[in-house]
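K.L.:
how would this look folded up:
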Amino acid sequence: MPILRDLIFWLSTKKAFTNPIARTGMRLGFAKRFIAGETMEDGLRAAAELNAAGRLVIMNRLGEFVSDRREAEEVCASYCQMLQEISRRKVNGSISIKPTQLGLTFAPEFCRELTLRVVRQAGALSNFVEVDMESSETVDATVELFEAVRRQHENIGLAVQSYLYRSEKDLLRLKALHPKIRLVKGAYREPASVAYPKKRQVDENYVKLMRMLFGNGFWPAIATHDEKMINLAKQIVREQPGLDARWEFQMIYGVGRPLQEKLVREGYRLRIYVPYGTEWLPYFMRRLSERPANMWFVAKSILTGG
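P.N.:
Residues are numbered from 1 along each chain as shown. Down below sits the predicted model:
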């Protein structure tokens with residue numbers, strides 16, 4: 001499996017491989033397995049359907065590593081519009097933002113200004129903003145951004161990746177803020193110098209970090225489709241009465257639907273990450289790398305025209 005995952009990451013850098021996917025993914029429908037669509041309306045429609053099925057949502061406009069202020073401003077405006085539409089349509093959900101979409105890599109102070117703008121808009125609408133964690137070279141700046149905004153506003157949370165060696169120290173650093181933390185395993189291709197190379201190690205660290213979240217006044221969002229981790233979270237909650245009742249499970253749009261249904265039936269809070277947008281290819285490739293079996297599904301769709 002690691003070999004296949006590495007192969008998909010390598011292929012994702014080759015236009016001969018990615019161009020047919022980008023060109024046909026929405027038209028043939030296979031990209032919609034993980035992505036609600038290319039427009040905000042698509043995302044809102046999917047969110048409403050998930051709400052009707054008993055799930056909360058967290059909406060995200062796809063895109064990474066914006067390179068100029070004009071584009072970052074446009075992304076910021078779209079997030080503010082998204083919050084307004086969520087409120088107007090009474091969608092039971094929040095939003096998640098990617099800092100590199102708001103200029104983190106080329107203008108950190110400008111990124112902070114735009115992030116504050118989104119968080120203030122969310123606050124005015126009694127809503128919440130989560131900050132996605134991206135590749136390892138952006139983690140320092142992302143944690144600093146989060147800290148700065150969280151000291152001014154409580155309606156902001158952060159994703160933390162268990163495959164990074166540094167994540168335990170990051171949680172200890174953030175502990176005093178008692179923030180919402182979305183605990184994920186991590187989906188980017190990272191070198192062994194910064195990330196655990198073996199799945200067993202990533203899982204072990206996930207367990208360790210999960211216990212930290214439940215035991216230190218955080219607001220945990222356990223973001224996983226791994227039933228072992230889900231069952232452990234349930235066990236921890238049973239053993240520790242009085243935990244923050246806002247804790248929740250989170251899952252990805254289009255993945256693990258039977259498990260989603262089971263958690264809802266059992267009465268757990270479940271929030272689904274609903275991505276949309278035209279810049280969907282990098283996200284889609286990361287989803288493929290997690291489940292290489294889907295490569296055949298994509299290849300068959302392209303070769304047969306659906």
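K.L.:
number of residues surrounding the nearest residue to residue 99 once chain neighbours are set aside?
P.N.:
Excluding its sequence neighbours, the residue lying closest to residue 99 (C-beta to C-beta, 6 or more residues apart in numbering) is residue 142, at 5.2 Å. Bear in mind the C-beta positions are built from the backbone N, C-alpha and C, glycine included. Using other C-beta atoms under 10 Å, residue 142 has 22 neighbouring residues.
K.L.:
so who does residue 142 touch?
P.N.:
By C-beta atoms under 8 Å, 6 or more residues apart in numbering, the contact set of residue 142 is 99, 104, 131, 133-134, 158.
K.L.:
cool, and residue 36?
P.N.:
42-43, 45-47, 253, 274-276 are the contacts of residue 36 under C-beta under 8 Å, 6+ apart.
K.L.:
do residue 208 as well
P.N.:
By C-beta under 8 Å, 6+ apart, residue 208 lies in contact with residue 168.
K.L.:
how far away is it from residue 250?
P.N.:
Computed as C-beta to C-beta, to the nearest Å, the residue 208 to residue 250 distance reads 19 Å.
K.L.:
swap in residue 186?
P.N.:
14 Å.
K.L.:
ranges for the helices of the stretch 101-250 of the chain?
P.N.:
In order along the chain, the stretch 101-250 of the chain carries the following helices (DSSP state H, counting those that start in this stretch): 108-124, 139-150, 167-174, 199-215, 227-239.
K.L.:
as TSV, those with distance to residue 192 would be great.
P.N.:
Shown next, in TSV, are the helices of the stretch 101-250 of the chain (distance: least, C-beta to C-beta, whole Å):
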stretch	distance to residue 192
helix 108-124	28
helix 139-150	16
helix 167-174	15
helix 199-215	10
helix 227-239	23
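K.L.:
redo those helices as CSV? Include distance to residue 191 and mean pLDDT.
P.N.:
Below are these laid out as CSV (distance: least, C-beta to C-beta, whole Å; pLDDT from 0 to 100):
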stretch, distance to residue 191, mean pLDDT
helix 108-124, 24, 98
helix 139-150, 13, 98
helix 167-174, 16, 98
helix 199-215, 14, 96
helix 227-239, 25, 94
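K.L.:
quick revisit: tell me the two of the contacts of residue 36 that are most distant?
P.N.:
The distance between the two most remote of those (C-beta to C-beta) is 13.5 Å, for 45 and 275.
K.L.:
name the residue in those two with the higher neighbour count.
P.N.:
Between residue 45 and residue 275, counted using other C-beta under 10 Å, the more crowded position is residue 275 (25 against 16).
K.L.:
which stretch of helix or strand covers the more buried one?
P.N.:
Assigning secondary structure by DSSP states H and E places residue 275 in strand 270-276.
K.L.:
tell me which strands and helices that strand is in contact with?
P.N.:
Packed against strand 270-276, as judged by 3 or more C-beta pairs under 8 Å, 6 or more residues apart in numbering; DSSP states H and E, are the following elements: helix 40-52, strand 56-61, strand 93-97, strand 248-252, helix 257-265.
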